[in-house]
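Chemist: Okay, here's the prediction I keep looking at, along with the sequence it came from:
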Amino acid sequence: MPGTTLPPFPDDIPTHPLLIIDFERIKAGDQEEINTLWKAATTIGFWYLKNHGIEDRVDGMFEMGAETMALPLEEKIKYEQGENGESFGYKKAGAFATDATGQNLDTVEFVNISKDDALSYPNVVYRTYPSTVAARMESTVAPFAQKAADVSYTFMAIFNEKLGLPEGTLARLHDPAEHSGSELRCTRSPPLPGKIIADRVTLGSHTDSGSLTLLFNRLGGLQVLPAGHEKWLYVKPIPGYAICNIGDALALYSGGIFISNNHRVVPPPGPQGEFERWSLVFFLRPANSRILRALVEDSPIIADAVKQRPGRNFEPGETANEWRARRIRNQRIMNRKGPETWAASRGTEYAPMVA
C-alpha cells in the first residue's frame, strides 16, 4: 500500500549504474548537464532525474491508484481496455503474456488515464474512468499530467537542438493541441513472499512505444538489458528521483541516435518481495496522426545516422496511433496466435533470444 514503510533495496544485489540529471540545471541551460543528458539518451537510453518538481504530486497519484485497485473487480472491469488495441482504462492481472510461449501470464493490474482526458476534464476525449479516478481528476491527476508533460517538453526542446532539427520540430510532432496516446499509469503488483527467483517475470521484456517515459517507484523490480550485455540488471530506485527512458518513437525519429532500451519487471529483490509494488508512469507519445519515420530530410545529423545503420528499418509505415494500437493489441493473451503475436508487441529492439 502506498505510504507503507518499505525495506531498503538490498546492498548485495547488482544494479546497473545510471547517470543522474539535475532538472534545475537543465532548465537553466547548463551545458555540462545538457551534455550529460545527451550521453545518457544516446548510450543506454535511461537516466535518473532529480529536482524535477513532480514529487509533491506523486503521493496523491499513488493514493488514487490504491483507491482504484481497492474497488471490486466487477466494478473495475467495466472500464477494461478491451481487445482492440485501446490503451486507456483498466487492465486486470493475467491479460498479458510475459514471454513468447504464451504460457506465462503477467501478475500486475493497472489503470491508464489519457493525458487528453485528464487535461480536458470534465469533457471526455476518449473514455470515462472509475469513480475513484474521476473524483481526483482535477485535484490530482491533471496537475500530475501537466507537470510531467512540462518536464517532457523541456527535454524535447533540448533534443531538438542537439539533433540539428528546425526549431520546434519535435514539439510539433508531439503537439498537445492534437490528441495522442500520452497517458498516466498507476500499477499494482502483488507481493511475492518467500524465495522468489529474479527471472520470474511479471511484465515481459519490451521497449516503450512512445517517445519518453517518466517512472516513479519505491521498490525494485525494473531491470534493463543494454545492447551488448547478456545479463539483466536491476535499476535501483532512489527516493525523490524519477527514472526516465527513451521510447521507440524518439529512437525512430532520430535515426537510432537515441537508444530505446530493452527492459522488464520482475519481483522486488530480498525483503522487498514481501510488499506490494506500486509504480507510477507518464508516457509521452507523438500526436496520433504523426508518421513514425527518421527525420532525414530535416537534419543532416539524422541522415548521417541512418546511413551508418543500413540494417535498421526507420520507416515502419505506421502512424503513432497505429503503432501503439498494434503493440497493445498483440500484448493481449486473448489475441495470441503464436510467437509472432508476442514479437509484434515488443518494440524496435526485440530479439527472440531476449526473454
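Modeler: On my side now, so go ahead.
Chemist: quick one: contacts for the closest residue to Met64 other than its chain neighbours?
Modeler: Nearest non-adjacent residue to Met64, counting by Cβ to Cβ, 6 or more residues apart in numbering: Arg136, 4.6 Å away. Using the backbone N, CA and C atoms, a C-beta is placed for each residue, glycine as well. Arg136 sits next to 60, 63-64, 67 when contact means Cβ atoms under 8 Å, 6 or more residues apart in numbering.
Chemist: Can you tell me which of these is nearest Asn262?
Modeler: Closest approach to Asn262 among those (Cβ to Cβ): Met64, at 29.8 Å.
Chemist: any chance you could map the strands in the stretch 101-250 of the chain?
Modeler: Using DSSP state E, counting those that start in this stretch, the strands of the stretch 101-250 of the chain run over residues 109-114, 183-189, 203-206, 212-217, 222-224, 233-234, 242-246.
Chemist: Identify all contacting residues around the third one.
Modeler: Which is strand 203-206. With Cβ under 8 Å, 6+ apart as the contact definition, strand 203-206 has outside contacts at 96-99, 106, 108, 225, 262-265, 342, 345-347, 350, 354-355.
Chemist: Can you tell me which of those are buried?
Modeler: Those of the contacts of strand 203-206 that meet the buried threshold are 96-99, 106, 108, 225, 262-265, 342, 345-347, 350, 354, by 16 or more other Cβ atoms under 10 Å.
Chemist: In strands, which of these appear?
Modeler: Counted as lying in strands by DSSP state E, out of the buried ones among the contacts of strand 203-206, are 263-265.
Chemist: Output the residues you listed in a markdown table, with pLDDT appended to each entry.
Modeler: Shown next, in a markdown table, are these (pLDDT from 0 to 100):
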| residue | pLDDT |
| --- | --- |
| His263 | 92 |
| Arg264 | 92 |
| Val265 | 92 |
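Chemist: right, and out of these, which lies closest to Leu173?
Modeler: Leu173 has its nearest neighbour among those in His263, at 23.5 Å by Cβ to Cβ.
Chemist: Just give the closest residue to that closest one, not the sequence neighbours.
Modeler: Excluding the flanking residues, the one nearest His263 by Cβ to Cβ, 6+ apart is Val224, at 4.8 Å.
Chemist: residues in contact with the one you found?
Modeler: Here Val224 is in contact with 16, 44, 46, 232-233, 235, 261-263 (criterion: Cβ under 8 Å, 6+ apart).
Chemist: again, 7 Å this time
Modeler: Listed by Cβ atoms under 7 Å, 6 or more residues apart in numbering, the contact set of Val224 reads 16, 46, 233, 235, 261-263.
Chemist: got it, and Pro316?
Modeler: Residues in contact with Pro316, defined by Cβ under 7 Å, 6+ apart, are 292, 323.
Chemist: Just the pLDDT for it.
Modeler: What the model reports as pLDDT for Pro316 is 90.
Chemist: ditto for the one 3 residues further on
Modeler: Confidence at Thr319, expressed as pLDDT, is 96.
Chemist: pretty sure it is touching Arg290, no?
Modeler: Yes - with contact defined as Cβ atoms under 7 Å, Thr319 reaches Arg290; the gap is 6.4 Å.
Chemist: neighbour-wise, which of these two wins?
Modeler: For Thr319 and Arg290, the more surrounded residue by other Cβ atoms under 10 Å is Arg290, and the numbers stand at 20 against 16.
Chemist: Contact partners for the more buried one?
Modeler: Neighbouring residues of Arg290 by Cβ under 7 Å, 6+ apart: 173, 319-320.
Chemist: again, 6 Å this time
Modeler: For Arg290, the contacting residues are 173, 320, by Cβ atoms under 6 Å, 6 or more residues apart in numbering.
Chemist: Quickly list what the residue lying closest to Arg346 once chain neighbours are set aside is bridged to.
Modeler: The spatially closest residue to Arg346, leaving aside those adjacent along the chain, is His206, at 5.0 Å (Cβ to Cβ, 6+ apart). Taking DSSP bridges, one obtains His263 as the residues bridged to His206.
Chemist: re the thing from before, by neighbour count, which of the contacts of Arg136 wins?
Modeler: Neighbour max across those (other Cβ under 10 Å) = Met64, 26 neighbours.
Chemist: distance of that one from Ala294?
Modeler: 38 Å (Cβ to Cβ, to the nearest Å).
Chemist: next one: Val281
Modeler: Relative to Ala294, Val281 is positioned 26 Å away (Cβ to Cβ).
Chemist: Those two: which is more packed in?
Modeler: Between Val281 and Ala294, Ala294 has the larger neighbour count (other Cβ under 10 Å), namely 23 against 20.
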